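Participant: Just the structure for this:
(one chain, ligands or ions: 2)
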Amino acid sequence: MSREQARQVLKEAQRIAVATHVSPDADAISSAIGLVQILRRLGKTAEAFCDDDLPARLKALPHAGEIARIARGPFDLLVSLDASDPGRLGKAFAELQGIPLLNIDHHITNTHFGTINWIDPSAVATSEMVLWLAEDLGVTLDAELASILLAGIVGDTMGLRTANVSARVMHEVTRLMEAGASLPALVDALFNRRPLAAIRLFGQALAEARMEDGVIWTVITREMRAASGLTHANDLSLSSFLIGAEEARIAAVFTERDDGKVEVSMRARPGYDVARVALAFGGGGHPPAAGCLLPGPLEEAIPPILRALKAAAQNSQGKTPGEP
Ligand code: 5GP
Ligand code: MN
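Facilitator: Ligands and ions are numbered 1, 2, ... in the order given. Predicted coordinates for the structure are as follows:
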């Protein structure tokens, strides 16, 4: 299924509900708001949904305040963005049945759960795919739309620093900047601003990090989060920092949620694959960055994941000669 089919169904639809995944990141919110703005510019009715709270840094994006949690009709098309399986949408579409679902995503682990699926793991962000749609649908970029779409590209590439950033992506970033988006402002908002409490919690979890068989890992318990006063511990990007350890091939952070479930955030150096591990445990992601949600308690959630990650750390795809 293709980009052309996605363009076609979007062109034909009139009332469109666009949903993105729970625990939203910049790409989730950016692609959802971006597509809604594109569709509205074409004279359609479009609304964005996310069945979760938005972290503060994403609430500041234009139109983020208009995102509602649960879609209630009438709609003639549903669009899922950046979600690799339907569970990631929470209850956003739970009250709507029998409506075609267009599934747009860049996760290699996507389960193709839509009526129409456009899955492109070569895209650095779902927002990049939405940018392609804007072109295909003949919508001109203005400063606001460019800024919304650049937020997702910058978010998923860690500020244009990941291994998949190509000349193509840089050309697109240039076009978005020419249309009025500010790269420095987005990098600052998405990566350089965090509450002091988050920095302290980050330090505490770093101090506890352990290194075993090429896997560096740490835990954020409910008690640690409660003591810090932080609600969105996954905003820490701690796994992305841990994978910077020279001795590590894989990094993992286990975060205990208030409901007792355990969020696992995983990272791999180029040539290693955590998406397969995440998928085996009901989650998903990309080879270098993936996640899953496990039933608690921590003591039961951690050992099987660590076993799988240690096996993955022995399994180089041979892309990185000289790696530890
Ligand atoms: P992060 O570690 O930054 O939260 O997530 C890394 C990647 O894994 C992102 O692409 C994210 O969408 C995906 N991911 C994280 N948690 C889950 C999960 O529980 N289920 C699925 N399907 N994907 C996840
Ligand atoms: Mn994404």
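Participant: What's the local residue count around the residue in the stretch 151-300 of the chain positioned nearest to ligand 2?
Facilitator: Using Cβ to the ion, the single residue of the stretch 151-300 of the chain nearest to ligand 2 is residue 156, 4.6 Å away. Bear in mind the C-beta positions are built from the backbone N, C-alpha and C, glycine included. The number of residues packed near residue 156 is 25, by other Cβ atoms under 10 Å.
Participant: That one contacts residue 27, correct?
Facilitator: Yes. Using Cβ atoms under 8 Å, residue 156 and residue 27 qualify as a contacting pair, with a distance of 4.4 Å.
Participant: Could you give the bridge partners of residue 46?
Facilitator: The partner list for residue 46 in beta bridges (DSSP bridges) reads residue 16.
Participant: should've said residue 294
Facilitator: residue 262.
Participant: separation between it and residue 264?
Facilitator: As defined by Cβ to Cβ, to the nearest Å, residue 294 lies at a distance of 6 Å from residue 264.
Participant: shared neighbours of those two, which are they?
Facilitator: 281, 301, 305 (Cβ atoms under 8 Å, 6 or more residues apart in numbering).
Participant: show me where pLDDT drops low in this structure?
Facilitator: For the chain, applying pLDDT under 70 flags the ranges 1, 231-235, 318-324.
Participant: Enumerate the residues of it near ligand 1.
Facilitator: 84-85, 88, 107, 234, 239, 265, 283-286, 289-293 (Cβ under 6 Å from any ligand atom).
Participant: Show me the residues you listed that map onto helices.
Facilitator: Counted as lying in helices by DSSP state H, out of the residues of the chain next to ligand 1, are residue 239.
Participant: related to what we said a few turns ago, mutual contacts of residue 156 and residue 27, please.
Facilitator: With Cβ under 8 Å, 6+ apart as the test, residue 156 and residue 27 both reach 125-127.
Participant: out of these, which are buried?
Facilitator: The neighbour count (16 or more other Cβ atoms under 10 Å) marks 125-127 as buried among those.
Participant: Skipping adjacent residues, who's closest to the residue of the stretch 151-300 of the chain closest to ligand 2 in space?
Facilitator: The shortest distance from residue 156 to any non-neighbouring residue, by Cβ to Cβ, 6 or more residues apart in numbering, is to residue 125 (3.9 Å).
Participant: what sits against the residue of the stretch 151-300 of the chain closest to ligand 2?
Facilitator: When contacts are counted by Cβ under 8 Å, 6+ apart, residue 156 touches 25-27, 124-127, 162.
Participant: Now do the strands in the stretch 151-300 of the chain.
Facilitator: 210-212, 215-220, 250-256, 262-268, 284-286, 289-294 (DSSP state E, counting those that start in this stretch).
Participant: would CSV of the shared contacts of residue 294 and residue 264 with distance to residue 120 and neighbour count be doable?
Facilitator: Converted to CSV, the shared contacts of residue 294 and residue 264 look like this (distance: Cβ to Cβ, whole Å; neighbours: other Cβ atoms under 10 Å):
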residue, distance to residue 120, neighbour count
281, 24, 18
301, 32, 23
305, 28, 22
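Participant: Please list which of the residues you listed also come close to ligand 2.
Facilitator: Residues of those in contact with ligand 2 (Cβ under 5 Å from the ion): none.
Participant: Now do the same contact list for the closest residue to residue 91 other than its chain neighbours.
Facilitator: Nearest residue to residue 91 in three dimensions, chain neighbours excluded: residue 51, at 5.1 Å (Cβ to Cβ, 6+ apart). Shown in contact with residue 51 (Cβ under 8 Å, 6+ apart): 19, 22, 69-70, 89-92.
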